[in-house]
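Participant: Here is a sequence with its predicted model. Questions after.
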Amino acid sequence: MNIDWNLNTIDWNAISSIITLIALIIALISLRQNSKQLKEMKRQWDEENRPNINISIDISQSWFVLKISNIGKQDAFNINIKFNDEFLKNIPNSRYRNSYLSLQSNPFFIEKGKSKYFMIDSCKETKNNWKDKDGTIIATGTYCNKYTINETLDINEFIIENSFKVNDELTTIMGYIKQGLIVQNNDYMPIQKSLDAIAKKITSEK
């Protein structure tokens with residue numbers, strides 16, 4: 001069988017059209033792939049730089065508190081949050097309970113890196129007040145009109161007999177100032193001098 005390789009008989013227009021079509025298909029595939037990569041990069045950036053509401057139980061001085069924090073990199077707005085009825089019913093102090101009811105009724109705002117605190121019960125009384133109660137705290141809601149809140153905590157997991165929170169040096173100094181053990185003046189006595197005064201006070205009491 002003889003093949004005619006005469007270039008004059010080849011339809012170059014058809015071949016050119018086919019090559020152009022193949023190039024167009026490759027370009028479209030590449031464009032689609034790049035679009036997917038850009039969307040994924042944007043999603044990752046949004047996830048890393050979004051607001052992020054975290055709910056935890058903390059100890060402030062001699063109180064158990066519910067800590068609502070924005071640990072993200074953007075401010076969190078239009079925060080709507082609800083708590084389970086059992087938790088609200090178990091809060092012994094009606095004033096603290098009402099603060100949660102008010103919180104549920106009013107959307108609020110938390111700056112990035114900031115927190116809000118709400119009283120639960122005193123550390124001293126918590127063991128007695130909650131020992132026969134369900135200490136589960138369920139918080140659900142939304143913020144920024146698109147992110148969800150779904151946290152479950154158990155206050156009984158935080159009640160450890162003879163446990164206490166260790167404050168940093170500045171918090172300790174401020175506590176002593178409030179108790180009148182260190183005189184607060186307009187010159188703002190340096191921390192080292194304050195620590196010396198505390199040490200002398202403790203030594204004199206021994």
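Facilitator: It's in. Numbers count the residues shown, from 1 in each chain.
Participant: just for this protein, where's the confidence low?
Facilitator: Low-confidence segments of the chain (pLDDT under 70): 1-11, 160-206.
Participant: Show me where it has its helices.
Facilitator: For the chain, applying DSSP state H gives helices covering 12-49, 85-90, 94-105, 123-130, 169-179, 191-205.
Participant: I'd like to know which of those helices is closest to G141.
Facilitator: Set against G141 and scored by CB to CB, the helices of the chain come closest in helix 94-105, at 8.7 Å. C-beta here means a position set from N, CA and C on the backbone, and glycine is covered the same way.
Participant: who's in contact with the closest one?
Facilitator: By CB atoms under 8 Å, 6 or more residues apart in numbering, the list of residues contacting helix 94-105 from outside reads I81, K82, F83, L88, I91, F118, M119, I120, D121.
Participant: Show only the entries of these found in strands.
Facilitator: Residues of those located in strands (DSSP state E): I81, K82, F83, F118, M119, I120, D121.
Participant: give me the beta-bridge partners of the fourth one?
Facilitator: Put plainly, it is F118. L66 (DSSP bridges).
Participant: how many neighbours does it have?
Facilitator: Counted with other CB atoms under 10 Å, residues neighbouring F118 total 15.
Participant: Check the last one too.
Facilitator: For D121, the tally of surrounding residues (other CB under 10 Å) stands at 21.
Participant: now swap in the first one and tell me
Facilitator: Counted with other CB under 10 Å, the burial measure for I81 works out to 19 neighbours.
Participant: Which residues are in contact with it?
Facilitator: Contacts for I81 (CB under 8 Å, 6+ apart) come out as I68, L103, Q104, A139, T140, G141, I149.
Participant: now those residues: which count as buried?
Facilitator: I68, L103, A139, G141, I149 (16 or more other CB atoms under 10 Å).
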